[in-house]
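[1] structure, please.
(chains A and B)
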Protein chains: 2
Amino acid sequence: MGKTENPGGDEPVSRPVYFLSDSTGITAETLGNTLLTQFPESNFNRTTVPFITTVEQARSVVDAIDAIAARGLPPIVFSTVVGGDIRMTLAECRATVVDLIGTHIRQLEGALGTAASGKPGQAHGLGNAVRYQARMTAVEYAMEHDDGQSLRALEKAQVILVAPSRCGKTPTTMYLALQHGIFAANFPLIEEDFERDGLPVPLRPFAQKCFGLTSTPQRLSQIRTERRRGSSYASLQQCGYELRSAELLYLAHGIPYLNSASVSVEEMAATILQKMRLKH
Amino acid sequence: MGKTENPGGDEPVSRPVYFLSDSTGITAETLGNTLLTQFPESNFNRTTVPFITTVEQARSVVDAIDAIAARGLPPIVFSTVVGGDIRMTLAECRATVVDLIGTHIRQLEGALGTAASGKPGQAHGLGNAVRYQARMTAVEYAMEHDDGQSLRALEKAQVILVAPSRCGKTPTTMYLALQHGIFAANFPLIEEDFERDGLPVPLRPFAQKCFGLTSTPQRLSQIRTERRRGSSYASLQQCGYELRSAELLYLAHGIPYLNSASVSVEEMAATILQKMRLKH
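    Just a heads-up that it's a prediction; the model follows:
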């Protein structure tokens, strides 16, 4: 029955939360967690149960939830189950059931003037095969073009992330590829690049596609220290020098950039898509 | 004003859809798209507008939506904006506004017995710094341990994906790392592995952590053909041989496995988390 985070967590008021789905559970987790961030004072003990596709499975989930409810605080359930029988079964559990699909579907039926299909969610299935294959090809491209490993086919990149080492290029590139099917390469700026005039040679034909990352010397030094404690590479002075030089390079060449020190890869990706006007 | 997919698409009934957010837009896109999959007959022209954080920005979004509304079908708006002023401004647009936060927040306030914070969504921000850093470390681990590149620190893996070449190991590994912070390695099965007895030597201490992928000979041959057309590597016969041998290996060593031929990385990841009982 699903994965439980912090099982047996014995905070006195840890509220049990279930994400129930007839598919992957991604949508239930995403909106459920967004709603829970509105209650930062509360503790939650989260369990995801994906692939609930029969009434029998739904019954055993209800039994498990009821058993938890009998032991303490009434659980909160976020459900994206579509099918009527399974939904009705789940609705019987002794918990607050937030029905993320059912609540909105009538409004959409009204707006679109058609009935919902009632089929289990396919939002995270293969869906459009061409679009799915494009995402997988983008992951391959990002792997091949990570950290300036390959300069082949840079002209195919929709965006090239440029930054000194350890500013967050790799995870942001992976996120853009995997979630949005964006062809993203990344290129490390090293000390020699700052001693020369102009952009590093391989980037010169593609200045328009470049997006820069920067950080704060403190944050960068902290991350580099985890890798190579005590090295000059990780020193505040070296980090400060590289970041200042990188920012000057971005400004000189009209390369948009953002500071990665206190934002997530999701926020960086959303900003890059918006600023570079990338279709996804 | 955001990224428009299929701009100027001239299908007669392409319904404009907006995903509006005071943050990344990920939650609005995720639930919005899940709801739209319930209407497979309709065409949608999607635009995401993230980071709407002032009333002025909201007004310009409303103007843009009203301009689109004046030209054709009334748009559908999915909003996860939290702040009252901005929400009230957005509610004035000439569209069907599906309020993904406001609709559910009262129910949760009742269940939890506290008021919502009303602060913009932080679900995709840095959040818990320790947890975020764990995800970034997991991405690094997955990059280093892709395709059996490094056998160092395999004992740190929470799961090792095992499969013949091109069954989907790499994107699934990246997804597990990036979305769930799972330490995932992957290891390619090659012909010599099938000629020897037992598991490949590097995997022997870690059989309990292995999860196998397989495919259909047709699908695998199609994917390999895109890489190396006409090679024996891509032949139906070779693909069939490798997949049969891999499945026998999984069965012989009690390694759970799934067929990747018609499922997405999201579905594979959800199945792996569930079957391997991985905390995320």
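[2] ok, and the closest non-adjacent residue to residue A:234?
    Closest residue to residue A:234 apart from its sequence neighbours, by Cβ to Cβ, 6 or more residues apart in numbering or on different chains: residue A:224 at 3.7 Å. The C-beta positions use only the backbone N, C-alpha and C, and glycine is treated the same way.
[3] which helix or strand contains the one you found?
    Residue A:224 is part of helix A:217-227 when elements are defined by DSSP states H and E.
[4] buried ones in that helix?
    Within helix A:217-227, the residues that count as buried by 16 or more other Cβ atoms under 10 Å in any protein chain shown are A:217, A:219-225.
[5] what does stretch A:81-98 give?
    For stretch A:81-98, by 16+ other Cβ under 10 Å, it's A:81-83, A:86-87, A:89-91, A:93, A:95-98.
[6] filter these down to the ones near chain B?
    Residues of the buried residues of stretch A:81-98 in contact with chain B (Cβ under 8 Å from any Cβ of the partner chain): A:82, A:96, A:98.
[7] pLDDT score assigned to the nearest residue to the last one once chain neighbours are set aside?
    What sits nearest to residue A:98 in space, not counting adjacent residues and going by Cβ to Cβ, 6+ apart, is residue A:78, at 5.0 Å. Residue A:78 carries a pLDDT score of 97 in this model.
[8] where does residue A:78 land in three-state SS?
    strand (DSSP: H, G, I helix; E, B strand; the rest coil).
[9] so what's the residue nearest to residue A:234 up against?
    For residue A:224, the residues meeting the contact criterion (Cβ atoms under 8 Å, 6 or more residues apart in numbering or on different chains) are A:165-166, A:231, A:233-234, A:239.
[10] quick one: which of those residues is nearest residue B:134?
    Nearest to residue B:134 among those: residue A:166, at 16.4 Å, using Cβ to Cβ.
[11] picking that back up, confidence-wise, which of the buried residues of stretch A:81-98 comes last?
    For pLDDT, the smallest value among those belongs to residue A:83: 86.
[12] quick one, what contacts that one?
    Contacts of residue A:83 by Cβ under 8 Å, 6+ apart are A:22, A:53, A:118, A:120.
[13] name the surrounding residues that touch stretch A:91-102.
    Contacts for stretch A:91-102 (Cβ under 8 Å, 6+ apart): A:18, A:27-28, A:31-32, A:35, A:61-62, A:65-66, A:69-70, A:74-82, A:87, A:90, A:121, B:31, B:34-35, B:38, B:104, B:107-108, B:110-111.
[14] right, and the helix or strand after the host helix or strand of residue A:139?
    Using DSSP H and E, residue A:139 sits in helix A:129-144. Downstream of helix A:129-144, the first helix or strand assigned by DSSP H and E is strand A:159-164.
[15] what packs against the helix or strand following that following strand?
    Once strand A:159-164 ends, the next helix or strand along the chain (criterion: DSSP H and E) is helix A:169-180. The contact analysis (3 or more Cβ pairs under 8 Å, 6 or more residues apart in numbering or on different chains; DSSP states H and E) places helix A:169-180 against helix A:129-144, strand A:159-164, strand A:184-189, helix A:265-275, helix B:129-144, helix B:169-180.
[16] got the angle for helix A:169-180 vs helix A:129-144?
    Helix A:169-180 and helix A:129-144 are oriented at 170 degrees to each other (axes from the mean of the first three to the mean of the last three Cα atoms, to 10 degrees).
[17] quick one: helix A:169-180 to chain centroid distance?
    Remark: helix A:169-180 is offset 9 Å from the chain centroid, using Cα atoms, centre = their mean, to the nearest Å.
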